[in-house]
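> Provide a 3D model corresponding to the input given below.
(chains A, B, C and D, ligands or ions: 4)
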2 protein chains.
Amino acid sequence: MTISEENYLKVIYHLSLVSPKGVNTNAIAGMLETKASSVTDMLKKLAEKEVVTYKKYQGASLTNKGLIQAKKIVRRHRLWEVFLVEKLQFSWDEVHEIAEELEHIKSEKLINSLDAFLEFPDFDPHGDPIPNEKGEMKKLDKQLLSEIPLETLCKCVGVKDSSAEFLQYLDKQKITLGSQIKILEKESFDELIRVEIDKKVMVLSNKIATNLYVQ
Amino acid sequence: MTISEENYLKVIYHLSLVSPKGVNTNAIAGMLETKASSVTDMLKKLAEKEVVTYKKYQGASLTNKGLIQAKKIVRRHRLWEVFLVEKLQFSWDEVHEIAEELEHIKSEKLINSLDAFLEFPDFDPHGDPIPNEKGEMKKLDKQLLSEIPLETLCKCVGVKDSSAEFLQYLDKQKITLGSQIKILEKESFDELIRVEIDKKVMVLSNKIATNLYVQ
DNA sequence: AATTAAATTTAGACAAAACTAAAAATATTT
DNA sequence: AAATATTTTTAGTTTTGTCTAAATTTAATT
Ligand SMILES: [Mn+2]
Ligand SMILES: [Mn+2]
Ligand SMILES: [Mn+2]
Ligand SMILES: [Mn+2]
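Numbering: from 1, shown residues only, chains lettered A, B, ... in the order given. Ligands and ions are numbered 1, 2, ... in the order given. Got it, this is the predicted structure:
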């Protein structure tokens, strides 16, 4: 498995969660910032290696073998993110790029030792679940804040958008994983919502509300 | 800097310490397990990038720019080795290969944070010095055990050969960095030496004695 | 159903890094 | 100094992953 192949597998995995019946060539190209023709080439190769099923013009999906591989890469990515935040004091908006490289270091022993060193975390710094050695992961039945009814107390458990800009904006608003949130009022005109977060009343945009997972 | 270019730079650095007036094409090929013709190609590219000075048939050496780069790679390699041994409980014979990959993760912040996390170690698990952020490193005036006179108490501070086989053999003999060694007798016939190591008397071969650094 | 638009694939080219085989330069022997 | 051996470089391929431009297929509109 080359780094490039791994990056494709991971992207197909992520896209599969949203469109399980086949991932579009263009969608993959978009995520990898490459061209559709390159994706077609790679899909053929991955199909050859039997990690992906691919029929011309029909999109791709992971085989069981491919799924196992993809989850390993996700496991490595998320464990390294935890390491960077918990042990090296990185903030949650800085870790993604570095984990993007570290995820390609392939040593079972390394990753299992790291897992143990971190005390087997279930979630990464963005609230995403970390597959264990067998590929199993905890799934919370989280919802977007925008779907929560008025006056219901909930807890922030993850982000949908994990771009640095969004994460830094959350930092500025003092919203972190674990924050207690209650929606006080929804303004239908401009979709702003008035909320109480950790006892402080503030106003959030719809863009925030549709990118924050709560429970 | 690609991974391949970095591997070449690091090898040229190591070979320079032994032959400072120019590193042979064949020597580089040997270390990298590649062919001399590939080395020639790469030397041209590295010379183009001004990290190496290279004249046809004359061997190569690092420019100042190349030296700085090479020391950064060595720094990363050795810090990761310390991490693996100190934090993840790897043994000293298991870390080299993994560090060979980790050394290519290029983030200044990552490596400086790691350095701090490890409390700024001066030496790696094999007794080799770790360059600091500025590229400076401590150098011990170590000698090979084979050069030490009889009855002189010295301390094991490093290994010349850091292959897994040698390191495992040292483990088996209970020789570690820090072991106190005194040579009791040298047998000129077969070059075996009788030594006292940490109060225990034992016999070592010349091959061991010429690969152990003491001080 | 025919036309247009969008998505996807093919064909052909390119750069990086490796290889083999042959040629050229340097070193070592005789 | 000439002959031989060794080292190094050149020339020509190969593989991987990318690209552009053109062709093809599928989807959306009229
Ligand atoms: Mn990646
Ligand atoms: Mn994450
Ligand atoms: Mn390396
Ligand atoms: Mn080392």
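> The strand or helix carrying residue A:82 to helix B:64-86, inter-axis angle?
Using DSSP states H and E, residue A:82 sits within helix A:64-86. Orientation note: helix A:64-86 sits at an angle of 100 degrees relative to helix B:64-86 (axes from the mean of the first three to the mean of the last three CA atoms, to 10 degrees).
> Which secondary structure elements does helix A:64-86 sit against?
With contacts taken as 3 or more CB pairs under 8 Å, 6 or more residues apart in numbering or on different chains; DSSP states H and E, helix A:64-86 sits against helix A:3-18, helix A:95-102, helix A:108-117. In this view, the C-beta of every residue, glycine as well, is placed from N, C-alpha and C.
> Identify whichever of those helices lies nearest to DNA strand C.
Closest approach to DNA strand C among the helices and strands packed on helix A:64-86 is made by helix A:3-18 (11.2 Å; CB to the nearest atom of the strand).
> Correct me if wrong, but residue A:156 is in a strand.
Yes. Assessed with DSSP: H, G, I helix; E, B strand; the rest coil, residue A:156 lies in a strand.
> Quick one: residues contacting it.
By CB atoms under 8 Å, 6 or more residues apart in numbering or on different chains, residue A:156 lies in contact with A:145, A:175-181, A:212-214.
> how near is it to residue A:14?
22 Å (CB to CB, to the nearest Å).
> again, but for residue A:141
Per CB to CB, residue A:141 is found 20 Å from residue A:14.
> These two - which one has more neighbours?
Applying other CB atoms under 10 Å in any protein chain shown to residue A:141 and residue A:14 shows that residue A:14 carries more neighbours, namely 15 against 5.
> Within range of DNA strand C, give me the residues from chain A.
A:24-27, A:36-37, A:39-41, A:43-44, A:54, A:56-59 (CB under 7 Å from any atom of the strand).
> Extract the residue ranges of chain A that are flagged as low pLDDT.
Counting by pLDDT under 70, chain A contains no low-confidence range.
> give the contact list for the residue sitting nearest the centre point of it.
With distances taken as CA atoms, centre = their mean, residue A:128 lies nearest the centre of chain A, 5.5 Å away. Residues in contact with residue A:128 (CB under 8 Å, 6+ apart) are A:78, A:158.
> Check the gap between it and residue A:213 for me.
According to CB to CB, residue A:128 and residue A:213 sit 10 Å apart.
> ok, how many other residues are close to the residue in chain A that ligand 3 sits nearest to?
The nearest approach of chain A to ligand 3 comes at residue A:105, 11.2 Å away (CB to the ion). Residue A:105 has 18 neighbours, counted by other CB under 10 Å.
> what's near enough to touch it?
By CB under 8 Å, 6+ apart, the residues touching residue A:105 are A:76, B:98, B:101-102.
> Now the residue of chain A at minimum distance from ligand 1: closest residue in space that isn't a chain neighbour?
Here the residue of chain A nearest ligand 1 is residue A:100; by CB to the ion that distance is 4.1 Å. Leaving out its chain neighbours, the residue that sits closest to residue A:100 by CB to CB, 6 or more residues apart in numbering or on different chains is residue A:77, at 7.2 Å.
> so the one you found touches residue A:10, yeah?
Yes. The pair residue A:77 / residue A:10 is scored as a contact, 7.5 Å apart, by CB atoms under 8 Å.
> Name the residues contacting each of those two.
Here residue A:77 and residue A:10 have residue A:103 as joint contacts, going by CB under 8 Å, 6+ apart.
> thinking again about what came up before, what's the overlap in contacts for residue A:128 and residue A:213?
Here residue A:128 and residue A:213 have residue A:158 as joint contacts, going by CB under 8 Å, 6+ apart.
> okay, now the domains of chain A?
By the record's domain assignment, chain A is partitioned as A:3-62, A:143-214 (automatic domain parsing).
> Kindly reformat those domains as TSV and extend each row with distance to ligand 2.
Output for the domains of chain A, formatted as TSV (distance: least, CB to the ion, whole Å):
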stretch	distance to ligand 2
domain A:3-62	11
domain A:143-214	6
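> Tabulate those domains in JSON lines, adding columns for distance to residue B:200.
Compiled in JSON lines, those are given as follows (distance: least, CB to CB, whole Å):
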{"stretch": "domain A:3-62", "distance to residue B:200": "48"}
{"stretch": "domain A:143-214", "distance to residue B:200": "54"}
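> Residue A:21: how many residues sit nearby?
For residue A:21, the count of nearby residues is 8 (other CB under 10 Å).
> Assign the residue of chain A positioned farthest from its centre to helix, strand or coil.
Farthest-out residue of chain A from its mean C-alpha position, per CA atoms, centre = their mean: residue A:189, at 31.3 Å. Classification of residue A:189 by three-state DSSP places it in coil.
> so residue A:21 is in which element?
Assigned by DSSP H and E, residue A:21 falls within no helix or strand.
> Is it correct that it is in contact with residue A:53?
No. In this structure, residue A:21 is not within contact of residue A:53 by CB under 8 Å, at 11.4 Å.
> what sits in contact with each of these two?
Common contacts of residue A:21 and residue A:53, defined by CB under 8 Å, 6+ apart, comprise residue A:61.
> Could you give the number of residues near residue A:153?
If you count neighbours by other CB under 10 Å, residue A:153 ends up with 11.
> er, residue A:19 I mean
Residues near residue A:19, counting by other CB under 10 Å, number 12.
> How about residue A:186?
Counted with other CB under 10 Å, residues neighbouring residue A:186 total 15.
> cool, and the one 4 residues further on?
Applying other CB under 10 Å, we find 7 residues neighbouring residue A:190.
> Which residues of chain A lie near chain B?
Residues of chain A found near chain B (CB under 8 Å from any CB of the partner chain) are A:84, A:87-90, A:94, A:97-98, A:101-102, A:105-107, A:109-110, A:113-114, A:117.
> repeat that with 7 Å
With CB under 7 Å from any CB of the partner chain as the criterion, chain A meets chain B at residues A:87-89, A:98, A:101-102, A:105, A:107, A:110, A:113-114, A:117.
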